[in-house]
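Chemist: here's my sequence, what's the structure:
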Amino acid sequence: MSKRLAIALACLSALFVSACGGGTDSSDDARVDALAALLEEDWEEDARVNWSDGERQCLVGEMVAGLDDNVVDELITGNTFNDPPLGVMLVMADAMFNCVSVTQMMVDLMVADGATQEEAECFANGFDEEFTRMMVTSDLTGEEPSPEEEEAVMAGFFEVMMTCGG
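Modeler: This next block holds a predicted model:
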């Protein structure tokens, strides 16, 4: 996951840089802990995004709740984040919006890539949540936006670039 997610997030930063609730049985707790450990290890390799332990636990908890048990086990035992099973990245995108500030994550990535704090904040705050969700989901899942969405994306990027001086 770290490679694919890092690439997807890097693409976002270069461009403009509901999961279900679940039970709390011990097998879910163990899965959350195991998946959180894998995510923490992956993110230590590429520390461009620094999620807190609470954010990471929330993210993983939502992933465990939103994915089939077999898929979660496959992620844990096979560490298949580099080539995740179908549906994992969509659940992760939803979990990201429920657990972390995606706007702040974009700002952090853009600053790490050399933008000033002001430039990054202008750009990241130039998009509403629906637009940002569409872009993140598209990048994480690899699904191309519809022609209408693509047109809206280009218009949105142009408008924000003009506003922020990028």
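Chemist: M154: neighbouring residues, count only.
Modeler: Residues near M154, counting by other CB atoms under 10 Å, number 10. For the C-beta atoms, the positions are set from N, CA and C on the backbone; glycine is no exception.
Chemist: what of F158?
Modeler: Residues lying near F158 (other CB under 10 Å) number 10.
Chemist: that one: which element?
Modeler: Assigned by DSSP states H and E, F158 belongs to helix 147-164.
Chemist: so which elements touch that helix?
Modeler: helix 2-16, helix 117-124, helix 129-141 (3 or more CB pairs under 8 Å, 6 or more residues apart in numbering; DSSP states H and E).
Chemist: lowest average pLDDT across these?
Modeler: Least confident of the helices and strands packed on helix 147-164, judged by mean pLDDT, is helix 2-16 with a mean of 38.
Chemist: using the three-state scheme, assign D33.
Modeler: helix (DSSP: H, G, I helix; E, B strand; the rest coil).
Chemist: pLDDT weak spots in the protein?
Modeler: 1-27, 42-49, 79-82, 166 (pLDDT under 70).
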